[in-house]
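> Based on what follows, work out the 3D shape:
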Amino acid sequence: MERTDVLVVGGGGTGTGIVRDLAMRGLDTTLVDRGGLGSGTTGRSHGLLHSGARYAEADATGARECIAENEILREIAGECIAETGGLFVQLDADDPAYFDAKRDACREHGIPAEELTPAEAQDEVPDLTDDVERALSVPDGVIYPSRLVAATAADARAHGARILPDAPVTDLLIEDDAVVGAAVDHEVGEIRADHVVNATGAWADQLGSMAGVDLDMKPTRGVMIGVEYSDLGPVLNRCRPPDDGDIVVPHGEQVVLGTTSVAVEDPDDYEQAEWEVERTVEECAAMLPSVADAEQTRTYWGVRPLYGPEEDELGDERGISRGFFVVDHADRDGLDGFTSVVGGKLTTHRLMAEAAVDHIAERLGVDAACRTAEEQLTAHDDPDRLDALVEEFDAAGPADADVVGRR
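Model (predicted):
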């Protein structure tokens, strides 16, 4: 049996962010994940570093969180980030009032946003469709998730944390209405803890069920398609209400096309429908026609960790909040020593971690302040070392397979 102050279950962006923050505040911390780090949602995303523009007109809080975290990640994450910029593109079929609302909301929320003419937009992206009416230039970017989770985990380890990938939890340990640890497979055994954190994302209900709690997750799947296309430059976003096939993310010699949103009951077992691939390519080609016939290099699905306790029926999955929530199971379920962190986006993973650790630190009587926004990640400026950490932590994933380890 091992003992730790805090056991974090889940090694994606949020989980590694939490363990780093905990360790930097002086808590003895262990992280476990059933697979390699980032093997869930994080490593199967499209890797967009949001400027907040996507949410500006509909979610002021989310937009402001994104632009703040965008700027922080650019400072601390180095070669885990590509500073590409982004364009929101209004085509002739799109509502100009929606463009106006997004532009005005960006400026209201402190997101730099410059309106471009069709000629100016095509100067930035020569292959952009002739159907462009105007564009909005915003500070989007690209995250390489494999590098980010590996660097974050390595930084946590440098501050004393223990990182255990490929260590699945088989049960939570309950004593006197409190979670006191977990049973972990692959010869790890029991890990006792003063507090256990559920950072398993779309799988939060599965872990919660081990403690008899229901988190009402509403996961949705989305497809991403990597295609050969060099030198795109900025991220392309269709300037319309979120829909299938509205984003093209540059990756050096390739781009990633995304995505769909379809409800799933089991994040481990769901259909991967060909219509999603076809629709995504078709819709992305409306912005960038060259991708319609480009060679497809990889196709993968990811599952979003959407939290929808008030969503009784699914059907409009894109309407579920992309915000994050820290769920205290002592207050909600009468179960001490257990906190779940659900929802959110990769761009805001550090902020999610900070909010969770503020809560846990208060529970444990720790008053150290968060420093994760000020201190740069381990190996942040060394892509070769970052890629070695990806291999060490078994963190390679399809989202950045065309970049990581290719130097």
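
> what's the domain layout of the protein?
Here the domain parsing of the chain from automatic domain parsing is 2-43+145-217+311-400, 84-141+220-304.

> Is it possible to get TSV of these that adds mean pLDDT and mean neighbour count?
To be clear about C-beta, it is placed using only N, CA and C from the backbone, and glycine gets the same treatment. Below are the domains of the chain laid out as TSV (pLDDT from 0 to 100; neighbours: other Cβ atoms under 10 Å):
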stretch	mean pLDDT	mean neighbour count
domain 2-43+145-217+311-400	94	22
domain 84-141+220-304	97	19
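
> and residue 61, which of those is closest to it?
domain 2-43+145-217+311-400 (6.8 Å; Cβ to Cβ).

> got the end-to-end distance for that closest one?
35 Å (Cα to Cα, to the nearest Å).

> same deal with stretch 2-17?
Using Cα to Cα, the distance between the terminal residues of stretch 2-17 is 22 Å.

> can the domains of the chain go into CSV with extra columns for distance to residue 49?
Converted to CSV, the domains of the chain look like this (distance: least, Cβ to Cβ, whole Å):
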stretch, distance to residue 49
domain 2-43+145-217+311-400, 6
domain 84-141+220-304, 4
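
> Looking at the ones you listed, spot the one closest to residue 78.
So among these, domain 2-43+145-217+311-400 is nearest, using Cβ to Cβ, at 3.3 Å.

> Now residue 72: which helix or strand?
helix 60-76 (DSSP states H and E).

> try residue 89
Here residue 89 is assigned to strand 86-91, by DSSP H and E.

> residues making contact with the helix or strand following that strand?
Next along the chain after strand 86-91, taking DSSP H and E as the criterion, comes helix 96-108. With contacts defined as Cβ atoms under 8 Å, 6 or more residues apart in numbering, helix 96-108 is touched by 51-53, 56-57, 60, 63, 88, 90, 112-113, 115, 133-134, 136, 138, 239-241.

> Nearest to the spatial middle of the protein, which residue is it?
residue 346 (2.2 Å; Cα atoms, centre = their mean).

> Look up phi and psi at the residue located most distally from the centre of the chain.
Centroid-distance maximum for the chain: residue 176 at 35.0 Å, with Cα atoms, centre = their mean. Main-chain torsions, residue 176, degrees, to the nearest 10: phi 50, psi 50.

> From residue 334, how far out is it?
Note on residue 176: its distance to residue 334, by Cβ to Cβ, to the nearest Å, is 11 Å.

> How about residue 153?
Counting by Cβ to Cβ, the gap from residue 153 to residue 334 is 33 Å.

> Is residue 80 in contact with residue 151, as I believe?
Yes. Using Cβ atoms under 8 Å, residue 80 is in contact with residue 151, at 5.8 Å.
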